[in-house]
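Novice: predicted model follows, preceded by the sequence.
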Amino acid sequence: MNKKDVLLGFLIGIATTLLGSYLFITFFTEFTFIAGIQIMKSQGNLGKLITLGSILTLVAFGILLKINKEIMARGVVLAVIALAILTLFI
């Protein structure tokens, strides 16, 4: 197993989650990204924001499987697992 591909998949998973969270805050709230994160954290909704941001990770996973990059897709799944565990402690 190529650890470089797993790491790249992990970074893709984290980046798509951040992008999804940014898009959610930008389009569905009236706050800026940083202010939206702070408000969501103060209200206790940061875990829900991360969960909604992870929807784009599903798209990245599907694309990686479509182009036969299974090892990178494993990294994406690892990122989702790490974010789920992080969400439990936030």
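Specialist: Good, I have the coordinates. As the structure is a computational prediction, the values presented were derived from the model and not from experiment.
Novice: the spatially most central residue of the chain: helix or strand, and which one exactly?
Specialist: Taking Cα atoms, centre = their mean, the centroid of the chain lies closest to Thr17, which sits 2.1 Å from it. Using DSSP states H and E, Thr17 sits within helix 3-28.
Novice: need the next SSE after that helix, C-terminal direction.
Specialist: helix 33-43.
Novice: got a pLDDT number for the residue nearest to the centre of the chain?
Specialist: Thr17 is assigned a pLDDT of 94 by the prediction.
Novice: Met1 now?
Specialist: Met1 carries a pLDDT score of 65 in this model.
Novice: what does the one 5 residues further on give?
Specialist: In this prediction, Val6 carries a pLDDT score of 94.
Novice: ok so, going back, which elements pack onto the helix holding Thr17?
Specialist: Contact partners of helix 3-28 among helices and strands, from 3 or more Cβ pairs under 8 Å, 6 or more residues apart in numbering; DSSP states H and E: helix 33-43, helix 46-53, helix 55-66, helix 70-89. Bear in mind the C-beta positions are built from the backbone N, C-alpha and C, glycine included.
Novice: in CSV, list those along with mean neighbour count.
Specialist: Below are the helices and strands packed on helix 3-28 laid out as CSV (neighbours: other Cβ atoms under 10 Å):
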stretch, mean neighbour count
helix 33-43, 14
helix 46-53, 18
helix 55-66, 16
helix 70-89, 16
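Novice: now distance to Ile25 and mean pLDDT too, for those helices, in a markdown table please.
Specialist: As requested, the helices and strands packed on helix 3-28 are arranged in a markdown table below (distance: least, Cβ to Cβ, whole Å; pLDDT from 0 to 100):
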| stretch | distance to Ile25 | mean pLDDT |
| --- | --- | --- |
| helix 33-43 | 4 | 91 |
| helix 46-53 | 7 | 89 |
| helix 55-66 | 13 | 93 |
| helix 70-89 | 16 | 92 |
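Novice: which one of those lies nearest to Gly13?
Specialist: Of all these, helix 70-89 sits nearest to Gly13, with 2.6 Å by Cβ to Cβ.
Novice: export the closest one as CSV, just CAs?
Specialist: Below are the C-alpha coordinates for helix 70-89, written out as CSV (Å, rounded to 0.1, in the frame of the first residue of the first chain):
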residue,chain,number,x,y,z
GLU,A,70,-8.7,2.9,-4.6
ILE,A,71,-5.8,3.7,-2.3
MET,A,72,-6.6,7.4,-2.4
ALA,A,73,-10.2,6.6,-1.8
ARG,A,74,-9.1,4.8,1.4
GLY,A,75,-7.5,8.0,2.5
VAL,A,76,-10.7,9.8,1.9
VAL,A,77,-12.6,7.3,4.1
LEU,A,78,-9.9,7.7,6.7
ALA,A,79,-10.5,11.5,6.7
VAL,A,80,-14.2,10.9,7.2
ILE,A,81,-13.5,8.6,10.1
ALA,A,82,-11.1,11.1,11.6
LEU,A,83,-13.7,13.9,11.2
ALA,A,84,-16.4,11.8,12.8
ILE,A,85,-14.2,11.1,15.8
LEU,A,86,-13.3,14.8,16.0
THR,A,87,-17.0,15.7,15.8
LEU,A,88,-17.6,13.6,18.9
PHE,A,89,-15.2,15.7,21.0
